[in-house]
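1. Need a 3D model of the following:
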Amino acid sequence: MNPAASHFDANLAALGPRARALVPLLLAELPPELETDEARTGEPTISYRGVLLHSRYDPRQEARRFAEHSGVGAGDYVLLYGFGLGYHAEAVAELVGDAGQLVVLELNRAVLSAAFHLRDLGDVLHRPNVWLVTAGSEHEGAVVLHDYLSGVFANVPPERSRVLIHTPLLSVVPDGYERIVNALEVIQLERSAAVVHRGNSMTNLLANLDAVVASPGVAEVLPALAGRPAFLVSAGPSLDEAMPYLAEFQDRAWIITVDTACDTLCRAGIEPDFVVSVDPQPTSTEHFPLDARPGGTLIFLPTTAREVVARFPGRKVVAAQTGHSIVSAVEDLIAAKGVTASGGSAACVALDLAVRYGVSKLFFVGQDCAFPDWKVYSANLARNRGWLGEADRFSSLEVRHRLVAMLAKIVHVTDRYGAPIPTHQSLYSYLRELERIVQACPECEFYNFFSRGAAIRGVRDVQLVEQVDELVPTHLDKRWAAAPPANAERLKRAILDRLGMDDAGVAAFSAARNSQRPG
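-> Coordinates of the predicted model:
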């Protein structure tokens, strides 16, 4: 197929003023590693370095199936990686219609140039709600993609947004764009999870409603943290090394733990002051075994697993999560109780709340965000103890850790020595969120205590107990009190009215959801 009979100029004209940013990045001639061919339908198809990017039989039909199976509907906001020859973008744009938005990212400039030369793309390029993005470097691509996502996708609920990836095109991204590729896959995972857990989140909100209105909020309780040091405990492998020393600081600093590490601390005789639980899934209850009574106070979100909120025996404090697709409908009604702008993991929420309410020094413990020596969890974790009971000469504990670590896509970050260390995509996203929170709070000092995992930008490494001993006071008064919330019943009625439900509707909805929930 001869680019001499090119559609290049007509396609640029279809883009109008938006073409100005693309012109310098498009190639005048197609490179030799890109092979053109003709599908059986007579339409062009291409391969790049031996990878077939579109069907040799019917590329339009292939694209239509891709779009239909994606779940995209009219009015959705879609980020699509992979423009290719434009077939998939055309099919997705047709489903999105005029009410939605489509941002298409293509980092392979040779492939994008081929599309402009080989096909008439006017039907998709002339649409004002279709944005075609490319870049000459990873930094430029990250900036441009951020601008589009924060602009076009601002305030779009998860059920209305989609991240789609045309896999063959992701496999031919040029070298040097690895972080963008990983970020795209992480976004896809996070948005899929938000949609999957939507039903759980609504049921949890309704089931937790009495606790939400009757509990004090973080805005009333957490000012006690102001100007004080705190330890934020997670369940990574390095918790094992730090655990023997934590008890020394129990009366000298606030101890905040994620729910995953709660049982481990309690069994070691360390009573956390606050336990943060945010997961909407009922499996979170495994962190609170019946034979262990967690101490301290539970900090929960309205959408936290209802089993955890009901089961926790101690005091409870609630925080609203801003921008949550379920809670946003009633966020203004409960915002006075205090909010968190973070999400994804209990550690991110705990860190956001700690710095929001003024801790002076924060020590990360067990916050590895990676797999040192291919270990996933602390050896003292309840889940790890269960694996220990199942271990035999054919399946050791070390093998079980390695297998669990490799279930999801592995990416590499750097440890405190600058050496590569493996981690999951989800942990990578949590690491970047932790770094974002740290960088936004220069008035707080951050330390990583006995970490063997990923380096956290803006956080100093501490490997000696003597160093911590010099940074915390000899004693800390950790008493706090909160008055029972006034007008709890009135608040509950206001929330139900906003959701368009009454007590009978809540009961019916919860019964239907519970019948689908694993026991």
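2. wait, is residue 252 part of a helix?
-> No - counting by DSSP: H, G, I helix; E, B strand; the rest coil, residue 252 falls outside a helix, being coil.
3. Ignoring the adjacent residues along the chain, who's closest to it?
-> Using CB to CB, 6 or more residues apart in numbering and skipping residues adjacent in sequence, the residue nearest residue 252 is residue 472, 4.7 Å away. Every residue, glycine included, has its C-beta placed from N, CA and C.
4. Find the residue closest to residue 118 in space, skipping its chain neighbours.
-> residue 44 (4.6 Å).
5. Equivalent analysis for residue 24, please.
-> residue 136 (7.8 Å).
6. you'd agree that neighbour is up against residue 25?
-> Yes - the pair residue 136 and residue 25 qualifies as a contact (CB atoms under 8 Å) at a distance of 5.7 Å.
7. shared neighbours of these two, which are they?
-> Both residue 136 and residue 25 are contacted by residue 109, under the criterion CB atoms under 8 Å, 6 or more residues apart in numbering.
8. Residue 430 touches residue 346, doesn't it?
-> No - if you go by CB under 8 Å, residue 430 and residue 346 don't touch, sitting 9.8 Å apart.
9. I'd like the average pLDDT over stretch 457-474.
-> Confidence for stretch 457-474, expressed as mean pLDDT, is 90.
10. end to end, how far does that stretch reach?
-> 29 Å (CA to CA, to the nearest Å).
11. which other residues reach that stretch?
-> For stretch 457-474, using CB under 8 Å, 6+ apart, the contacting residues are 229, 245, 248-249, 252-253, 361, 363-364, 416, 435, 438-439, 445-451, 455.
12. before we move on, what about stretch 31-41?
-> 1, 30, 44-49, 54-60, 110-111, 114, 118.
13. List only those of those flagged as buried.
-> By neighbour count, with 16 or more other CB atoms under 10 Å, those hold 30, 44-48, 54-55, 58-60, 110-111, 114, 118 as buried.
14. And the furthest pair within these?
-> With CB to CB as the measure, no two of the buried ones among the contacts of stretch 31-41 lie farther apart than 58 and 110, at 23.9 Å.
15. And the helices in the stretch 301-450 of the chain?
-> 306-311, 331-334, 346-356, 382-390, 397-405, 425-439 (DSSP state H, counting those that start in this stretch).
16. among those helices, which gets the worst mean confidence?
-> Looking at the helices of the stretch 301-450 of the chain, the weakest mean confidence is helix 397-405, a mean of 42.
17. who's in contact with residue 113?
-> Contacts of residue 113 (CB under 8 Å, 6+ apart): 26, 27, 30.
18. Report the separation between it and residue 143.
-> 22 Å (CB to CB, to the nearest Å).
19. go on, residue 244?
-> Taking CB to CB, one finds residue 244 at 45 Å from residue 143.
20. And for residue 178?
-> For residue 178, the distance to residue 143 - CB to CB - is 17 Å.
21. How about residue 433?
-> Taken as CB to CB, the span from residue 433 to residue 143 is 19 Å.
22. Could you check which of those two has the larger neighbour count?
-> residue 433 (19 against 12; other CB atoms under 10 Å).
23. can you list the domain ranges for the protein.
-> 8-196, 203-471 (automatic domain parsing).
24. can you put those domains in CSV and add distance to residue 479?
-> What follows is these, written out as CSV (distance: least, CB to CB, whole Å):
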stretch, distance to residue 479
domain 8-196, 38
domain 203-471, 8
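25. Out of those domains, which one sits most buried?
-> domain 203-471 (a mean of 20; mean count of other CB atoms under 10 Å).
26. Could you tell me the end-to-end distance of it?
-> So domain 203-471: terminal residues 44 Å apart, CA to CA.
27. now stretch 288-298
-> Stretch 288-298: ends 11 Å apart by CA to CA.
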